[in-house]
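Asks: model this:
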Amino acid sequence: MEHWTTAVWLRELLSETPELAPTAVRITTADARIAALEPAAMTATAHGSRTDALAVKSGLYLWNGSLDASHAISQDLHDRTGSFWHGIMHRMEGDFDNAKYWFRRVGDHPVYEQLQREAAAVIRGSVVPEPNGRSRIGAADFGRLVQGGSWQPYDFVDLVRTQVDRGGSAETGALLRRLQALECKLLLNACCMACCGGTLFESLD
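Replies: Prediction:
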């Protein structure tokens, strides 16, 4: 069985950032490969749990735009990480109020500190047009995501909602997608660390 740290198809899957509102599975063959990554094959050390391994699979399904497959896993993961993936899934499908419900269940996730720090650096290095007739999201809106030294998941849901429902600029859409990819990357790495004692993205570099 193929090990997840050396899977060539996984490199292809993670080479592009996930869509804010995916309407189709990105790589049709990837879902079957993700399903075949059984927890026993994914766990490189004895300390990883089945729940941690399933959380990795839930995240990989989301990255591929396979929302139903991700949801089938995350709804049965009754911890902060399962709620985190659950919230992202509902945000991607456009059920924004439900997404906020699941982010309330997350509470203060250990990933938030690093996410706030790295997201702040991404935002500082980005040129965001001020709101106008086409762009309804500006620099101040992105600044609220990282205010107070903490990641603000509800504000991120609101920005994605504005971008998707009201039509934002290409620039704001690209930045939101980049921040979503960072969010998913850090959560995937945390899941892999818990499962296998290593991070997914470093192993694929």
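
Asks: use CA for all of it now, contacts and neighbours both
Replies: OK.

Asks: on the three-state scheme, the residue lying closest to residue 66 once chain neighbours are set aside is what?
Replies: Computed as CA to CA, 6 or more residues apart in numbering, the closest residue to residue 66 that is not its neighbour in sequence is residue 25, at 5.2 Å. Following DSSP: H, G, I helix; E, B strand; the rest coil, the label given to residue 25 is coil.

Asks: thought residue 25 was touching residue 63?
Replies: No - with contact defined as CA atoms under 8 Å, residue 25 does not count as touching residue 63 (9.2 Å).

Asks: mind checking the longest helix of the protein?
Replies: For the chain, the helix that runs over the most residues, judged by DSSP state H, is helix 170-196.

Asks: per-residue confidence for the residue sitting nearest the centre point of the chain?
Replies: Computing the C-alpha centroid of the chain and ranking residues by CA atoms, centre = their mean puts residue 184 first, at 2.5 Å. Note for residue 184: predicted pLDDT of 96.

Asks: per-residue confidence for residue 94?
Replies: Residue 94 is assigned a pLDDT of 97 by the prediction.

Asks: contacting residues around the closest residue to residue 113 other than its chain neighbours?
Replies: In space, and not counting its chain neighbours, residue 113 is closest to residue 150: 6.3 Å by CA to CA, 6+ apart. Shown here is residue 150, whose contacts under the criterion CA atoms under 8 Å, 6 or more residues apart in numbering are 112, 113, 116.

Asks: can I have the buried ones of those residues as a ChimeraX selection?
Replies: For the buried members of the contacts of residue 150, the matching ChimeraX selection, counting by 16 or more other CA atoms under 10 Å, is:
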select :112,116
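
Asks: does anything pack onto the helix or strand hosting residue 103? Which helices or strands?
Replies: Residue 103 is part of helix 96-106 when elements are defined by DSSP states H and E. Using 3 or more CA pairs under 8 Å, 6 or more residues apart in numbering; DSSP states H and E, the elements in contact with helix 96-106 are helix 80-93, helix 153-161.

Asks: let me know the angle separating it from helix 153-161.
Replies: Using axes from the mean of the first three to the mean of the last three CA atoms, to 10 degrees, the interaxial angle of helix 96-106 with respect to helix 153-161 works out to 160 degrees.

Asks: coming back round to it: show me the residues around the residue nearest to residue 66 that make contact.
Replies: By CA under 8 Å, 6+ apart, the contact list for residue 25 reads 64, 65, 66.

Asks: what's the neighbour count on the residue lying closest to the first one once chain neighbours are set aside?
Replies: Read it as residue 64. Leaving aside its sequence neighbours, residue 64 sits nearest to residue 26 (CA to CA, 6+ apart; 5.3 Å). Counted with other CA atoms under 10 Å, residues neighbouring residue 26 total 18.

Asks: separation between residue 26 and residue 70?
Replies: Distance of residue 26 to residue 70, given as CA to CA, to the nearest Å: 14 Å.

Asks: okay, now the unreliable bits of the protein?
Replies: Per-residue confidence of the chain (counting by pLDDT under 70) places the weak regions at 1-7, 38-48, 133-135, 198-205.

Asks: if we use 90, what do you get?
Replies: 1-16, 33, 35-53, 127-139, 147-150, 166-171, 189, 191-205 (pLDDT under 90).
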